[in-house]
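Asker: Have a look at this prediction, sequence included:
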Amino acid sequence: MSVPAPSAPSVAAPAAAPDPSERWGILYASVWLAFLIFPVVDAVQLDAPLWVRSTVLLGVAVFAAVYVAAWVGEHRRPEDTQRRTPWFALGLLALWAAVTTQLGSTAMGMLVFVVVLCCLLGTQRVAVASVVGVPALAGLTWWLVGDLAAAFLFALVVMMTVVSVVLRGMEQQRELRQAVQEEAAIATERERVARDVHDVLGHSLTVITTKAELAQRLLEKDTPETRERAVAELADVQSLGREALAEVRATVAGLRIARLGDELAGADRALAAAGVEAEVPTDVAVVDPRRRLVLAWVLREAVTNVVRHAGATRCVVELGQHSLVVRDDGRGLGHAGHGNGLRGVAERVRAAGGVLEVTDTAPGTRLEVSWP
C-alpha cells in the first residue's frame, strides 16, 4: 500500500512578486507633477504685477517640493511616514489655498496631489478624512466659481479620489498577501526542522539505546572479553551522541545533508548492534546521483523502524539506479499506523517525483522507493 503523504509538499512559500512601486515609487509620484503645468501656465499669463506672478510660481514650486519630499521621506524613513503625512498634507493645503487666491479654479487640480498623498501614505483615519474633505473643498470651489473649467477639475478630483482609494485597497491586499506568504514560509520551515530533527534523532537515539543495552548485557557477563566489547560499545555511544548533537545543530541551521554512503554504513552498524542479520550494499555508484539524497533519508528511517519496531532477525537492503528496497522478516505492519517518520519520508519522496510503497509481506515488511 502507498504511504499517505501530507496534502502539500514541504517547499518554501513562493516569494511575493516585487512591487514596482517599491523601487520606482518616487519616480511614479514625480511623474504626476507634470499636471502642475496648468497652474504654472496660468501664473505666467496672469494679469498681475511681476512680483505676484513670481510669488504664485514660487508657491507652485514649493508645493511640488513638499509633495516629493513626502515620498522621499516615505522611502528613507518609512517608519515615520504615517506620522508625518498629515503635516505634509496640511502644508500642501495651505499652499493650494494661497495659490487659489490668485488663480481661482485653475488651482483645483492641485488637490489631487493631496488626496493621493493621504490615501497612499497616511493612516486609515487620514485617508478617510482626505477622501471626504478634499472633494468637499473642490466642490465648494466649483460652487463659488461656477464655470465649466471648475466643473471639469471637480470631476478630475473626484475621479482621482476614487483611484486613490482603489490603489490603497490594492496595496493593503498586497501587504496582507505578503504577510500570509511569510507566515506560510515560517510554518514550512518549522515543519522542515521538525521532520529533520525527527529523522536525525530518531535514528541516532535508537542506535544509542541499542548499543547501551548491548553494553549492559556484556557487562553483566563480566568477563575480560565482554568488558572489552562493552567499553567499545560505550565509546560508540559517546561518538554517536556527539554526532547526533552536531547533526541537530546543522539541521536547525538548515545545513543538514544526508549522504547515502554514510547511511549505508550506519545502517549496517545499527542492524548489527540490534542483533539483526544485515545484507547491506556498500557501493552507491549504481544509484543515480540525483536520487541519493532522498534515498539516504528513506534508508535512515526504514532501518530505524526495523531496529525499533519490527522485531526482525534479518534485513536486506537493495539499491537500483532509481530505487531502494528494504525488506525484513519481522512482525509486519499489523494494525500499526504510519508515524511521523514515514509520513516525512513520503513527503520527501513525493516532492522529488518518486513513489513510496510500504507492503506487509507476512511475515515482515517491504519498503520500496522508485521513480517512474
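Answerer: Yep, it's here.

Asker: immediately after the helix or strand harbouring Trp297, which helix or strand?
Answerer: Trp297 belongs to helix 292-305 when assigned by DSSP states H and E. Once the chain leaves helix 292-305, the next helix or strand it forms, by DSSP H and E, is strand 314-320.

Asker: For Thr210, give me its contacts.
Answerer: 270, 273-274, 307 (Cβ atoms under 8 Å, 6 or more residues apart in numbering). Where C-beta positions appear, they are placed from N, C-alpha and C, glycine not excepted.

Asker: Farthest-apart pair in the residues you listed, please.
Answerer: By the measure Cβ to Cβ, Ala273 and Val307 form the most distant pair in the contacts of Thr210, at 8.0 Å.

Asker: Between the two, which contacts overlap?
Answerer: Contacts common to Ala273 and Val307, judged by Cβ under 8 Å, 6+ apart, are 207, 210.

Asker: pLDDT at the most centrally placed residue in the chain, what is it?
Answerer: Centroid-nearest residue in the chain, with Cα atoms, centre = their mean: Ala185, separated by 3.1 Å. pLDDT for Ala185: 71.

Asker: Render the CA-only coordinates of stretch 161-170 in PDB, please.
Answerer: This file holds the C-alpha atoms of stretch 161-170, laid out as PDB (Å, rounded to 0.1, in the frame of the first residue of the first chain):
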ATOM      1  CA  THR A 161     -10.000  60.200  -5.200                       C
ATOM      2  CA  VAL A 162     -11.700  57.000  -6.300                       C
ATOM      3  CA  VAL A 163      -8.500  55.800  -8.000                       C
ATOM      4  CA  SER A 164      -6.500  56.600  -4.800                       C
ATOM      5  CA  VAL A 165      -9.000  54.600  -2.700                       C
ATOM      6  CA  VAL A 166      -8.600  51.600  -5.100                       C
ATOM      7  CA  LEU A 167      -4.800  51.900  -5.000                       C
ATOM      8  CA  ARG A 168      -4.800  51.900  -1.200                       C
ATOM      9  CA  GLY A 169      -7.000  48.800  -1.200                       C
ATOM     10  CA  MET A 170      -4.700  47.000  -3.600                       C
END
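
Asker: to the chain's geometric centre, what's the distance from it?
Answerer: 27 Å (Cα atoms, centre = their mean, to the nearest Å).

Asker: still on that earlier bit, buried ones in the helix holding Trp297?
Answerer: 292, 294-305 (16 or more other Cβ atoms under 10 Å).

Asker: one step back: quickly note the distance from the residue nearest to the centre of the chain to Glu191.
Answerer: Distance of Ala185 to Glu191, computed by Cβ to Cβ, to the nearest Å: 11 Å.

Asker: ditto for Thr206
Answerer: Distance from Thr206 to Glu191, by Cβ to Cβ: 22 Å.

Asker: Repeat that for Gly241.
Answerer: 26 Å.

Asker: How confident was the prediction at Glu175?
Answerer: Model confidence at Glu175 (pLDDT) stands at 73.

Asker: what's the residue nearest to Phe88 when sequence neighbours are not counted in contact with, if anything?
Answerer: Excluding its sequence neighbours, the residue lying closest to Phe88 (Cβ to Cβ, 6 or more residues apart in numbering) is Ala70, at 4.1 Å. Going by Cβ under 8 Å, 6+ apart, Ala70 touches 84-85, 88, 117, 121.

Asker: Now do the same for Ala70: its pLDDT.
Answerer: At Ala70, pLDDT is 82.

Asker: Helices - which of the contacts of Thr210 land there?
Answerer: 270, 273 (DSSP state H).

Asker: Secondary structure element holding Asp102?
Answerer: Just to correct that, residue 102 is Gln rather than Asp. Counting by DSSP H and E, Gln102 is part of helix 81-103.

Asker: Which parts of the protein are strands?
Answerer: Per DSSP state E, the chain carries strands over the ranges 277-279, 314-320, 323-328, 355-360, 365-370.

Asker: now the shortest one: mean pLDDT?
Answerer: Here strand 277-279 scores 88 as its mean pLDDT.

Asker: strand partners of it, parallel vs antiparallel please.
Answerer: strand 314-320 (parallel) (DSSP bridges).

Asker: Please save the CA atoms from the partner strand in PDB.
Answerer: The C-alpha trace of strand 314-320 is given here as PDB (Å, rounded to 0.1, in the frame of the first residue of the first chain):
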ATOM      1  CA  ARG A 314      17.100 -10.400   9.000                       C
ATOM      2  CA  CYS A 315      17.100  -7.200   6.900                       C
ATOM      3  CA  VAL A 316      18.000  -6.800   3.300                       C
ATOM      4  CA  VAL A 317      18.700  -3.500   1.500                       C
ATOM      5  CA  GLU A 318      18.700  -3.400  -2.300                       C
ATOM      6  CA  LEU A 319      19.800  -0.400  -4.400                       C
ATOM      7  CA  GLY A 320      18.900   0.300  -8.000                       C
END
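
Asker: between it and strand 323-328, how big is the angle?
Answerer: Taking axes from the mean of the first three to the mean of the last three Cα atoms, to 10 degrees, one finds that strand 314-320 is oriented at 170 degrees with respect to strand 323-328.

Asker: list the buried ones in strand 314-320?
Answerer: So strand 314-320, judged by 16+ other Cβ under 10 Å, has buried residues 315-317, 319-320.
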